[in-house]
Structures are given as C-alpha cells and as structure tokens.
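Engineer: need a 3D model of the following:
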Amino acid sequence: MTPREALKRYFGYDSFRPGQEEIVSALLAGRDALAIMPTGAGKSLCYQVPALLLPGLTLVISPLISLMQDQVKGLNAAGIHAAFYQLVADRDTDRPRAGPGRRGQLQTRLRRARTAGKPVFRSFAAGADISMVTVDEAHCISQWGQDFRPSYLKILDFIDSLPRRPIVSAFTATATREVKDDIVCTLRLHDPKVLVTGFDRPNLYFQVERTRRKDDFVIQYLRDHPGESGIIYCATRKNVDKLQELLTEYGFAATKYHAGLPAEARRKNQNDFIYDTAPVIVA
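Structural biologist: Just a heads-up that it's a prediction; the model follows:
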C-alpha cells in the first residue's frame, strides 16, 4: 500500500496537504524528522500514515490527555488498531496492554511522556518491535519549553534503552529558530528532515471589541450567529458558572468546562460540545 492509498483508505483524503507528503516520505525512508506546522495543518497524519506502513509499533508521546483520547477514538473508528497508555498516580502496577503490541498488531500507541522512565513500561517496550517514536508537542523538550520538560527529557533515556534505535520524529506548532535547533540537538535526531511550513493561519481572525455590558454583548453575538459553535472564555470559575447559567436561561444550548467540575461532568460536557449537543461551551 502506498502512502496516498493509505491516506484515502483510512482517512478519506485524495491528496496530502502542503508539507505532509515530504515528512511521510522521509519517515518511510528511515530518516528522522522534525516538522513545525501550524495547528490545523495536519501534523497527526504525518506520523499516522507512516505508522500504518512501517512494520511493528509506533509510539506517540504527548502531554495532552484529551487529544490522545480523541485520536485513539478516531483511529479505531477508521479501522486502525490504536490504544493509549496513561500512568495513573505514578503506580508501576498499571501495565500497558502489552499483548497486541508484542505481536505487532497494534499500529499506534499514544502515551504520556512521564511514563518513559517507569520500569513496567520499559519492560513492555523492550519486548515490542518499535519502528518509530513520535514526540508530539516537541517544544516541551527545549530549554525554552514548558513545564513538561523534566518528563520529556526522559524520552532520550527511553530511546537509548531500546534494543534497536527506532526512527524518531518530532512535531510542534510552536518553535522559534532557537527552539527548533534545540529540539534537534536535545532529541539527538539523526540527519533529520526538517520542515517549517510557516505560522500563518488564514482561517483565524482577531477582533477587539470595547463594551461595558459584556453579558448583553455575548447574548447578542450568539443571536447574530445562530447555528454556529464556539468557546467563550472567562477569567474565573465563578464567571464561567454564572455566564453558562445565563445563556441557558436565554435558551442557548450552552455547557461549561473548568477544573472545579467533577471529572465525569467535565468529560460529559466536553463530549456534548464536541458532538454539537451543546454547540457553545463556556470555559
């Protein structure tokens, strides 16, 4: 199966977006790669298509739990075997479902970076046929990166512990020239294919409005945009609760999301927004 055939069969696209095919070709040729592409440019396909065509297992490391869950759900719906492993409360007794992975039937596994140093996961990985390790949100590993850096640095030790060095690919939408160079150096990428497609996102539009009656403004905005979906951000949980209640009183299908809600409520509200049960979410 060719990359374009896999793209069409599993994802329904006839052609790649700019930059995608270059990265896919490099990875299938056995080269390391770093792609800096804006959000929405299709970075995930750059590693998901090779994962279908490379032998063995692809491990995708991400700090974003919701994104992992969403990607795994989408891949399984497309007929691609995928799962994610999240270490809970740093318990080494939490074991990845190693059976399918050891037999090479699991094409893509998504996991969080902080599991890399755990003995139970290293034991699993040592017996798996790992063809590629993909580091998503790769700017986290830079010295100019985020708070995830300590756990992301364990990725290097994890890769070194494998019986055979896999292809290493890295993806981010956030990288200055210094961060780009730092990612290549810190991850020790071998002669990588480096692709920077730019940062412009023509589908984004910013506008500043000065208003004293914010609630009235929001209500009128929603009335002027019927049938559209969106996120309304507030500075505090109290304001989130208050605005969501107000919108509901005015007849809008609006839900809410903040850290003060129980986990089950957050999960339900997020799904209501994703699947348009509540097209407006206050967060």
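Engineer: phi first, then psi, for Val282.
Structural biologist: phi -100, psi 130 (degrees, to the nearest 10).
Engineer: ok, now how distant is the residue of the chain most remote from its centre from Thr236?
Structural biologist: Taking C-alpha atoms, centre = their mean, the residue of the chain most remote from its mean C-alpha position is Arg212, at 37.4 Å. Distance, Arg212 to Thr236, using C-beta to C-beta, to the nearest Å: 19 Å. C-beta coordinates here come from the backbone N, C-alpha and C atoms, glycine included.
Engineer: average pLDDT for the helix or strand where Leu156 lies?
Structural biologist: According to DSSP states H and E, Leu156 maps onto helix 154-161. The average pLDDT for helix 154-161 rounds to 85.
Engineer: name the helices or strands packed onto the next helix or strand after that helix?
Structural biologist: Next along the chain after helix 154-161, taking DSSP H and E as the criterion, comes strand 167-172. Contacts defined by 3 or more C-beta pairs under 8 Å, 6 or more residues apart in numbering; DSSP states H and E place strand 167-172 against helix 20-28, strand 33-36, helix 43-53, strand 130-135, helix 177-186.
Engineer: report the angle between strand 167-172 and helix 177-186.
Structural biologist: Using axes from the mean of the first three to the mean of the last three C-alpha atoms, to 10 degrees, one finds that strand 167-172 and helix 177-186 are set 160 degrees apart in direction.
Engineer: near the nearest residue to Asp136 once chain neighbours are set aside, how many other residues are there?
Structural biologist: With sequence-adjacent residues excluded and distances taken as C-beta to C-beta, 6 or more residues apart in numbering, Asp136 is closest to Ser62, at 4.2 Å. Using other C-beta atoms under 10 Å, Ser62 has 22 neighbouring residues.
Engineer: need the pLDDT of Pro96.
Structural biologist: 47.
Engineer: now swap in the one 10 residues further on and tell me
Structural biologist: According to the predicted model, the pLDDT of Leu106 comes to 37.
Engineer: related to what we said a few turns ago, and the helices and strands packed on strand 167-172: which comes nearest Leu243?
Structural biologist: helix 43-53 (32.4 Å; C-beta to C-beta).
Engineer: from the contact counts, what lies against that closest one?
Structural biologist: helix 3-6, helix 20-28, strand 33-36, strand 57-61, strand 130-135, strand 167-172.
Engineer: where in the stretch 51-200 of the chain is pLDDT low?
Structural biologist: In the predicted model of the stretch 51-200 of the chain, residues 86-121, 144-150 satisfy pLDDT under 70.
Engineer: hang on, the earlier thing: quick one: the helix holding Leu156 to helix 177-186, angle?
Structural biologist: Using the same axes, to 10 degrees: helix 154-161 against helix 177-186 is 30 degrees.
Engineer: and the helices and strands packed on strand 167-172 as TSV, adding mean neighbour count and distance to Pro202?
Structural biologist: Output for the helices and strands packed on strand 167-172, formatted as TSV (neighbours: other C-beta atoms under 10 Å; distance: least, C-beta to C-beta, whole Å):
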stretch	mean neighbour count	distance to Pro202
helix 20-28	21	18
strand 33-36	26	18
helix 43-53	24	18
strand 130-135	24	27
helix 177-186	16	23
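Engineer: host element of the most centrally placed residue in the chain?
Structural biologist: Central residue of the chain (C-alpha atoms, centre = their mean): Leu67, 4.4 Å from the mean position. Assigned by DSSP H and E, Leu67 belongs to helix 65-77.
Engineer: partner strands of the helix or strand following that helix, parallel or antiparallel?
Structural biologist: The helix or strand immediately downstream of helix 65-77 is strand 82-85, counting by DSSP H and E. Looking at strand 82-85 with DSSP bridges, its partner strands are strand 108-111 (parallel).
Engineer: picking up where we left off before, for Ile159, which of the helices and strands packed on strand 167-172 is the nearest?
Structural biologist: strand 130-135 (6.0 Å).
Engineer: do a quick rundown of the strands in the stretch 151-283 of the chain.
Structural biologist: 167-172, 193-196, 230-232, 254-256, 280-282 (DSSP state E, counting those that start in this stretch).
Engineer: hmm, Phe273 and Ser66 touching each other?
Structural biologist: No. Contact criterion C-beta atoms under 8 Å: Ser66 and Phe273 do not qualify, at 11.4 Å.
Engineer: out of the helices and strands packed on strand 167-172, nearest to Gly251?
Structural biologist: helix 43-53 (36.7 Å).
Engineer: what's the neighbour count on Pro163?
Structural biologist: What Pro163 shows, counting by other C-beta under 10 Å, is a neighbour count of 10.
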